[in-house]
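**Student:** coords please:
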Amino acid sequence: MDMREGTELRTASKETNSIDEIKYELALAYRIMANEGVVDTFGHVSARHPERPDRYFMSRSRAPELVEPNDLVEYDLDSVPVSPSNLAPYSERVIHGEIYKARPDVMAVCHHHAEAFMPLIVTKRDYVPVVHLGSVGGQDLPWWDQRAKFGDTNYLVVNPEEGASLAEALGDKMMVLMNRHGVTVAGTSLIDLTFRCVYSCRNAEFQRLAELSGEIDPLSQGDVDAGSSDGGMTTGHMRAWEHWTVRLQKDNWLPPRP
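**Tutor:** Numbers count the residues shown, from 1 in each chain. Model prediction:
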């Protein structure tokens, strides 16, 4: 993909939202998230259907860095495939379906266990925005404890009741922290979601390192409100998406066009 093609992709993302472009962007988001250290083998990403808000796209169960548009399955909001498919699904797809049910404003969802966040998760330490780009994570984030609500668990969110409970905990925020498990993130678009995931992970790293050095001086609520936490698209979002795409291109790891 040359830079001209990259510009065409970003324009389609922002304006046309065609199904083919959304599906390609979703495959690209999987690979970007893997390359930037957000998702590992077990993370997953989805995008709401641009023409049918009662449906969403998600990859079959596959390593994120290998996802292609042809791997994507279309689901209804009960997380049932719209058409019969022999592709093995992610077991935690109800996370995505239940959030789309509860939040009409959400157009993309990611569930991850990023290394940057896990020390916070296992100590139940709140996420604190400490740098300006950390504002995308928000402040005073909710926590969800699967074991407290449903008893001893393997921490896979596989039942609709569990997914609905997680969506309720998310409320009107864009991120929810999951005790002993990971993080679930919402976005107003795939680019917004990816930006939010990458820079909240960077902030979590900075927060942990800063706490080792001394007392942190965090952003105020006003700082966070003035940042990008509302999901508004900026030239910074587009520049970051271009940067991450070129990083994949240099390694010859862009997803194939269908």
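
**Student:** Name the residues of the longest helix seen in the chain that are buried.
**Tutor:** As assigned by DSSP state H, the longest helix anywhere in the chain is helix 190-213. For helix 190-213, the neighbour count (16 or more other C-beta atoms under 10 Å) marks 190-208, 210 as buried. Heads up, the C-betas are built off the backbone N, CA and C, glycines and all.

**Student:** what packs against the helix or strand just after it?
**Tutor:** Helices and strands here follow DSSP states H and E; after helix 190-213, the next one along the chain is helix 221-226. For helix 221-226, there is no helix or strand it packs on, judged by 3 or more C-beta pairs under 8 Å, 6 or more residues apart in numbering; DSSP states H and E.

**Student:** Buried residues in helix 221-226, which are they?
**Tutor:** Along helix 221-226, these residues count as buried under the neighbour rule (16+ other C-beta under 10 Å): Val224.

**Student:** Determine which residue of the chain is most distant from the centre point.
**Tutor:** Gly214 (30.6 Å; C-alpha atoms, centre = their mean).

**Student:** if I look at that residue, how far off is Pro104?
**Tutor:** Separation of Gly214 from Pro104 (C-beta to C-beta, to the nearest Å) stands at 43 Å.

**Student:** Next up, identify which helix or strand the residue nearest the centre of the chain is on.
**Tutor:** Centroid-nearest residue in the chain: Cys110, 2.7 Å away (criterion: C-alpha atoms, centre = their mean). Cys110 is located in strand 108-112, with elements delineated by DSSP H and E.

**Student:** so where do the helices sit in the protein?
**Tutor:** Using DSSP H, the helices assigned to the chain run over residues 3-11, 19-35, 94-102, 118-123, 146-150, 160-170, 190-213, 221-226, 235-250.

**Student:** mind listing what's buried in stretch 81-89?
**Tutor:** Of the residues in stretch 81-89, Pro89 count as buried by neighbour count, 16+ other C-beta under 10 Å.

**Student:** deepest of the helices of the chain, which one?
**Tutor:** Using mean count of other C-beta atoms under 10 Å, the stretch among the helices of the chain with the largest mean neighbour count is helix 94-102, at a mean of 25.

**Student:** Can you tell me how far Leu170 is from Arg247?
**Tutor:** Counting by C-beta to C-beta - Leu170 and Arg247 are separated by 30 Å.
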